[in-house]
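Novice: what would the 3D arrangement of this be:
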Amino acid sequence: MKKIIVFIFLLIAFNSYSQNPLQPILKTYFRAHPFDMKFSSFVLSLQKDPWFTTEEYYRRTDTNFFFLSGTYKNFNPFRFTPKELRFVIAEEEIMHTDSLHTHDTIINLQLMAITDTGLVNSKSVEKEFHRFNNNQADRFSSKTHNTYDEQGKMSAEIYNYFIFPLSIAPVTIAWGPIPETRNYTFTITIRFKLRGNSADFILTPGEQL
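Specialist: Sure, this is the predicted structure:
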């Protein structure tokens with residue numbers, strides 16, 4: 001009987017992680033995303049969005065990675081009002097930790113809620129950070145947590161969320177000051193791999209879902 005109960009709990013856990021835990025995050029925080037449409041359609045929809053202003057846009061070439069950056073108006077999925085809501089799509093090269101040190105390219109989606117300086121604003125982004133963790137963390141199989149100190153006081157935090165058995169976190173959240181301006185930001189980063197024209201999880205060599 002005990003073995004049956006354990007099996008049932010394992011089955012429930014597996015099913016909860018196999019149902020993409022990114023979807024509630026994407027639905028709650030992102031006005032548009034490439035997990036429910038082709039990547040090219042997602043970029044086009046973003047450029048046509050009257051609430052979004054594109055400030056930088058570089059197509060992928062033989063020498064450059066894809067990059068798009070801009071800001072939202074009239075859209076705010078957070079409990080506080082940011083001074084600026086910036087959205088970034090950035091392609092980057094990574095090196096896997098396999099024996100061949102395989103090179104790969106991935107896409108980062110970043111939603112950055114930026115405030116002014118000051119203690120009140122730092123508390124606002126920190127509170128949003130912990131609210132996200134309380135609401136979303138249980139959807140993932142594991143997480144890592146790091147803190148950073150300045151003059152003996154915690155000034156920034158990061159959570160990485162993982163989906164078993166994948167070794168690259170598809171979601172990272174962070175709060176802290178921007179070094180150049182000392183403005184505070186709460187940032188959500190979604191990482192994915194483009195397969196053809198579709199967004200998918202990042203698999204390291206030998207991994208499979």
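
Novice: and F75, what element?
Specialist: Using DSSP states H and E, F75 sits in no helix or strand.

Novice: an error on my part: the question was meant for L203.
Specialist: Per DSSP H and E, there is no helix or strand for L203.

Novice: where's it relative to V43, distance?
Specialist: L203 is 23 Å from V43, where distance means Cβ to Cβ, to the nearest Å. For every residue, glycine as well, the C-beta is placed using N, CA and C.

Novice: can you check I94 too?
Specialist: 21 Å.

Novice: what mean pLDDT does stretch 79-94 have?
Specialist: Mean pLDDT, computed over stretch 79-94, is 96.

Novice: what's across from I114 in the sheet?
Specialist: Judged by DSSP bridges, the bridge partners of I114 are E84, T185.

Novice: would you confirm that it contacts L85?
Specialist: Yes: using Cβ atoms under 8 Å, I114 is in contact with L85, at 7.4 Å.

Novice: counting neighbours, go ahead and name the busier of the two.
Specialist: Between I114 and L85, counted using other Cβ atoms under 10 Å, the more crowded position is L85 (22 against 19).

Novice: so the closest residue to the more buried one other than its chain neighbours bridges to which residues?
Specialist: Leaving aside its sequence neighbours, L85 sits nearest to Y72 (Cβ to Cβ, 6 or more residues apart in numbering; 4.4 Å). In this structure, Y72 bridges to F52, L85 when assessed by DSSP bridges.

Novice: close enough to count as contact, Y72 and P50?
Specialist: No: checked against Cβ under 8 Å, the pair Y72 and P50 is beyond contact range at 10.5 Å.

Novice: what about the protein, any weak spots by pLDDT?
Specialist: 1-19 (pLDDT under 70).
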